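Engineer: Would you be able to build a 3D model of this:
(chains A and B)
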Amino acid sequence: MTPFQRFVLLQARVIHKYALAIVIAFALITIAVFPTASRLTLKANFIDLLPADMPSVLNLEKLTKEVGGTSYLIAAIESPDEDAAREATRLFAEDAAGFEDVDSIDNRTSVPAFTSRKLLFLTLESLEKVDKHIHDLVGFHRRKNNPFYIDLLDEPAPELDIASLELDEKVYRVGGFAGKEAESYLRVILLKPKHPVSDFVSSERLYDAAAASFEKIQASLGHALTIGYTGPYKTRYDEYHVIMQDLKRTGILTVILIGALLIFFFRNLRSPLLGSALLGIGILWTCAFTQWAIGYLNLITAFLLAILFGLGISFAIHLLVRYEEERKDTSEPLVALERTFAEVAEPLLTSALTTSIAFFSLTISRFYGFKHFGIIAGGGILICFLAIFYGLPSCIMLAEKFYRPKQRLRSLATSWGHPKALPIYVILIAGLLFSVFSVVQAKQLKFEFNFAELQAEGSESIIYADRIGKHFGVVLNPVVLMTPNRKHARVLTEKINAYIDKNPDSTFDFAAYLLSHVPKEQDKKIELLSEIDVYLEGRKDFLEGLEDSEKEAVNELRQQLRAKPLLLEDVPEGIRNQYEGKDRNVSSVYVYPKSSLLDGSMAKRFTRELRSLELDDKVIIAGEPVIYADILMLLDKDTGRAMMISLTLVVLLLFLHFRRVQHVAWVLSPVVMGFLWLGGLAALTGFRFNYLNVTILPSILGVGIDSGVHIFHRYKNENKSTLFEIMHKTGLAVILSLLTTMAAFGSLCVARHRGMSSVGELGLLGFAACLLTSVIFIPAVIEFLSLKYWNVFRQEKPSGA
Amino acid sequence: MKKGISYLLTLGLLAGLISLPAQAQEAAPQDAVAGFLTAIRSMEFPVSDTDRQKALITQANAYLDLEALSKSALADHWETATAEDRETFMGLLWSLIEVIAYPRSRDFLGDLEIRYPEIEPDSDGVMIHSIVVHEEEVLNAEVLYHVHEQDSKWVIDDIFLDGISITEDLRYQWDKIIQESAFSGLLDKMSERLAKTGENSGKKAL
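Structural biologist: Below is the predicted model:
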């Protein structure tokens, strides 16, 4: 007997003797750690997926400090009645300025400095078009009303092609923020909250205040009015709530599915209840460990607790299955426990260590999605192992004194018939064919780069962001270049705009700085407007003869014709702060992208292009899109590396344990084939990988190895070589473990958050592939080889001998 | 109010009828304008006395040098047109004036006062400034008539509204049609318009 086996038997005896003490100790520890565990919170912000010392994170913090960040809560007010939309916007802006959580309001549609000088924001060429249009209009009416003019053409009234009018600066589109859609008038207000995006409590208070204010406005105006929100504040808030709801729903579903599976297989309540309870305790301890080690869950680790339930339950299943089997042969619980520990302790520990190391290897990544996942999953697996290894037998020992369930473990042999009838050749051929298919399809695998595709379907904030972007022709998530002063900002803006002119394929749309908000060539424009005014002044008779709507339009135009120059001092404080901050320490250049940077591939191209501009050292690049790009760049860099390191460590550990390359190869074979088949299944189902779901690939690796270890131990120790024999005992535990894991991941498939559901889908495909390879294909291969060509394991002595 | 400009313009054309006798030829250039407007104002639509109407049309036509206006508006197209085309064109134009321009002028004339604040000689004639005086001052409109002497008579060869001559407006339109469909196209368009107007309103002018 090896020292390890002696140690294991000692553990069994200690557990049997001190079962009550262990259970009490577990209860006390659970009570002690509960307050810590309950403090664990979720940070649903992308920035929390990156290390705090990363340049993009530091830059965003600096930007937030200087100019309050680039993030706004964007409120879109709509009504079929233009006046109602205008008035509601004005009232809401007034109210919002007094909200507890609002720092400032940017309601450009109502700023008199802008509204009285709309025409100055057009290019000189466009103003000349306006001038020509007015002359054409006057000419048309003159001809139409001239009794001696014979109209042979039935000429239509000239129309001013608004679309052909160009703004001097594209940034004025952002300033436009008011316009007519097919059915309604849309007006937009930017609210700058005092709190960070991740402060959901303050956000909730802000939404409540906004809802109350808007309800009052609706009642007072009596028109059909709606309000919608978008922007990072709303997107993150919605995402947080969707994830929290999903976690509750999927958590309940996981427990139900796993409970049902366990009850079905164990045919009693005691085993599933004890297994789940001990795993629940292990997960609670893991929460406390997470709070202590990290302090929060992020967008990726938020899914982990459900996953951990699926992974951890396999320890309980292997213990329970074996214990139930041994208990059939002996009436002594201690004997059954000793035999169980002798059989499963080693594979369980090997499996826990390898899986844990596979996860811990992720901690080398700078991407917190991986790093935190590695810490929590690695630590969680060990904690769950300890909780189950000591807690579950203790509970069973105590329970045995009071209650012994009559129902026995379901047998695969009786459930599924005699597996000798299984067509081994058919399995081999089908498996090989699917493997070939998987290899061929490897290039067809797709990666979803669009972050918006991971949000909940029908997310209001995403829909509004899309609508506002299309409506105003501006993508509202710019990147900011902070420069030391306004002169620097001007030079940089000109440089980038010149670059855009020279590079039509650039991902940049335009760049703007503070003075971009002051119209150009104002002298010439004002002179032209004045000429138009004089022209119309001399045609009062003409104006009187117009249709009412035309007259109103011309009168409105005439009010704009007497515009005075717009000076920097006239630019609202909110906009000035947005560029230069309240302290005026910096001057920012906003670079707007051509298309949404929620598309990660676009964010990467955009950021790379920005960084390739050879900006001087004084320029700091900051913004959420840079964070997206860095996340994806880190993923590109770390995913393969993490997987390789994980695999290498696992192989090393397995080799240290088994000391034979052949054995390590057999242990790894289910997971290697499983990954290959996962690719085939993904291609077959059109599944898309994304930055969230790839983080569970190490989980599949860990669970796949776990299955391999248990199967191999059974082969090796019991000299069994037929599929029937393997499936009969260890196969059941492996199948049940994989099915429970699949249930845990499968429950995520119903999540509204599409990123979360994609994690579930990948888990389902991955573990299904591992299930097929570890309990059907690889055993079939071993049986085939053993029977027909080589005696794979017969010459090996059982390790327990 | 919507058609205020039309009223004003018509008033400008017809106001002279108030103060001047309906004579075909006058010695003073201003009298030619006044006589022209008087003849139009005397017309009635729909027509009840055909002979009287014909006489008034003849009287009004006598104050118009439509050929001079056409030559100026058609410019090179007049020179290149055949004699037959020119004749057809002038025939159609007179008809259109009679069935479209006169009724519109008459309908919009009313009893408004016409003042002649200025008479301005130029190189080839005289520019008669007229103001159509409306109850609301803002509706007052200035209409200018260019007259020249022809066979010892003063005849109107252009009318200016809003500083733009009708010759220019017609030139733009006719040139556009000729560019698209040649001179014959212009004749077709004129015929179509004449037919359409006839269908719509009957022979109002006659």
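Engineer: Do a quick rundown of the strands in the chain.
Structural biologist: Let's take chain A. In chain A, strands defined by DSSP state E lie at A:41-42, A:73-79, A:102-106, A:178-180, A:185-193, A:226-230, A:296-297, A:446-448, A:479-483, A:508-512, A:587-593, A:620-622, A:688-690, listed in chain order.
Engineer: if you could check chain B rather than the one you did, that'd help
Structural biologist: For chain B, the strands defined by DSSP E cover B:113-122, B:125-133, B:141-150, B:153-161, B:164-165.
Engineer: pLDDT at A:Lys788, what is it?
Structural biologist: A:Lys788 is assigned 56 on the pLDDT scale.
Engineer: Tell me what residue 122 is bridged to.
Structural biologist: Picked chain A for this. Note on A:Leu122: beta-bridge partners by DSSP bridges are A:Leu167.
Engineer: Oops, wrong one, chain B.
Structural biologist: Bridge pairing for B:Asp122 (DSSP bridges) gives the partners B:Gly125.
Engineer: quick one on the thing from earlier: worst mean pLDDT among the strands of chain A?
Structural biologist: Per-stretch averages of pLDDT across these put strand A:178-180 at the bottom, with a mean of 58.
Engineer: just so I know, which of the strands of chain A lies nearest chain B?
Structural biologist: Proximity to chain B (Cβ to the nearest Cβ) singles out strand A:178-180 among the strands of chain A, at 25.2 Å. For the C-beta atoms, the positions are set from N, CA and C on the backbone; glycine is no exception.
Engineer: And the helices in chain B?
Structural biologist: Per DSSP state H, chain B has helices spanning B:4-14, B:16-19, B:29-42, B:50-61, B:66-74, B:76-80, B:83-96, B:102-109, B:166-201. These are given in chain order.
Engineer: so can I have a markdown table of the ones you listed showing mean pLDDT?
Structural biologist: As requested, the helices of chain B are arranged in a markdown table below (pLDDT from 0 to 100):
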| stretch | mean pLDDT |
| --- | --- |
| helix B:4-14 | 40 |
| helix B:16-19 | 35 |
| helix B:29-42 | 87 |
| helix B:50-61 | 91 |
| helix B:66-74 | 92 |
| helix B:76-80 | 91 |
| helix B:83-96 | 93 |
| helix B:102-109 | 78 |
| helix B:166-201 | 88 |
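Engineer: and the ones you listed as JSON lines, adding mean neighbour count and distance to A:Ala642?
Structural biologist: As requested, these are arranged in JSON lines below (neighbours: other Cβ atoms under 10 Å in any protein chain shown; distance: least, Cβ to Cβ, whole Å):
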{"stretch": "helix B:4-14", "mean neighbour count": "27", "distance to A:Ala642": "79"}
{"stretch": "helix B:16-19", "mean neighbour count": "19", "distance to A:Ala642": "97"}
{"stretch": "helix B:29-42", "mean neighbour count": "25", "distance to A:Ala642": "95"}
{"stretch": "helix B:50-61", "mean neighbour count": "16", "distance to A:Ala642": "98"}
{"stretch": "helix B:66-74", "mean neighbour count": "19", "distance to A:Ala642": "84"}
{"stretch": "helix B:76-80", "mean neighbour count": "14", "distance to A:Ala642": "83"}
{"stretch": "helix B:83-96", "mean neighbour count": "15", "distance to A:Ala642": "87"}
{"stretch": "helix B:102-109", "mean neighbour count": "22", "distance to A:Ala642": "86"}
{"stretch": "helix B:166-201", "mean neighbour count": "16", "distance to A:Ala642": "72"}
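Engineer: Nearest approach to A:Phe140 belongs to which of the ones you listed?
Structural biologist: helix B:166-201 (10.1 Å; Cβ to Cβ).
Engineer: and that closest one with helix B:66-74, angle?
Structural biologist: Comparing the axes of helix B:166-201 and helix B:66-74 via axes from the mean of the first three to the mean of the last three Cα atoms, to 10 degrees yields an angle of 110 degrees.
Engineer: now helix B:166-201: how far from the chain's centre is it?
Structural biologist: Here helix B:166-201 is found 16 Å from its chain centre; the criterion is Cα atoms, centre = their mean, to the nearest Å.
Engineer: Point out the other elements, helices or strands, that it touches.
Structural biologist: Counting contacts by 3 or more Cβ pairs under 8 Å, 6 or more residues apart in numbering or on different chains; DSSP states H and E, helix B:166-201 is packed against helix A:124-145, helix B:66-74, helix B:76-80, helix B:83-96, strand B:153-161.
Engineer: where does residue 163 land on pLDDT?
Structural biologist: You didn't pick a chain, so chain A it is. pLDDT for A:Ala163: 67.
Engineer: actually it's chain B I care about, not the one you picked
Structural biologist: B:Gly163 carries a pLDDT score of 79 in this model.
Engineer: So what does it have for phi and psi?
Structural biologist: Phi and psi for B:Gly163, reported as degrees, to the nearest 10, are phi 80, psi 0.
Engineer: ok, so what distance separates it from B:Tyr172?
Structural biologist: Per Cβ to Cβ, to the nearest Å, B:Gly163 is found 15 Å from B:Tyr172.
Engineer: same thing with A:Leu305?
Structural biologist: When distance is defined by Cβ to Cβ, A:Leu305 is 79 Å away from B:Tyr172.
Engineer: cool, and A:Thr230?
Structural biologist: Here A:Thr230 is placed at a distance of 50 Å from B:Tyr172 (Cβ to Cβ).
Engineer: For stretch B:53-70, C-alpha coordinates in CSV please.
Structural biologist: Only the C-alpha atoms of stretch B:53-70 are listed here, as CSV (Å, rounded to 0.1, in the frame of the first residue of the first chain):
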residue,chain,number,x,y,z
GLN,B,53,-65.1,91.1,-76.7
LYS,B,54,-63.5,90.7,-80.1
ALA,B,55,-63.3,94.4,-80.4
LEU,B,56,-61.7,94.8,-77.0
ILE,B,57,-59.1,92.0,-77.7
THR,B,58,-58.2,93.7,-81.0
GLN,B,59,-57.9,97.0,-79.1
ALA,B,60,-55.6,95.5,-76.4
ASN,B,61,-53.6,93.6,-79.0
ALA,B,62,-52.9,96.8,-80.7
TYR,B,63,-50.9,98.0,-77.7
LEU,B,64,-48.7,94.9,-77.7
ASP,B,65,-45.7,94.4,-79.8
LEU,B,66,-45.7,90.7,-79.3
GLU,B,67,-43.4,90.0,-82.2
ALA,B,68,-40.7,92.2,-80.7
LEU,B,69,-41.1,90.4,-77.4
SER,B,70,-41.0,87.0,-79.1
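Engineer: and it, is it in reach of chain A?
Structural biologist: No: between stretch B:53-70 and chain A, judged by Cβ under 8 Å from any Cβ of the partner chain, nothing touches; the nearest distance is 9.2 Å.
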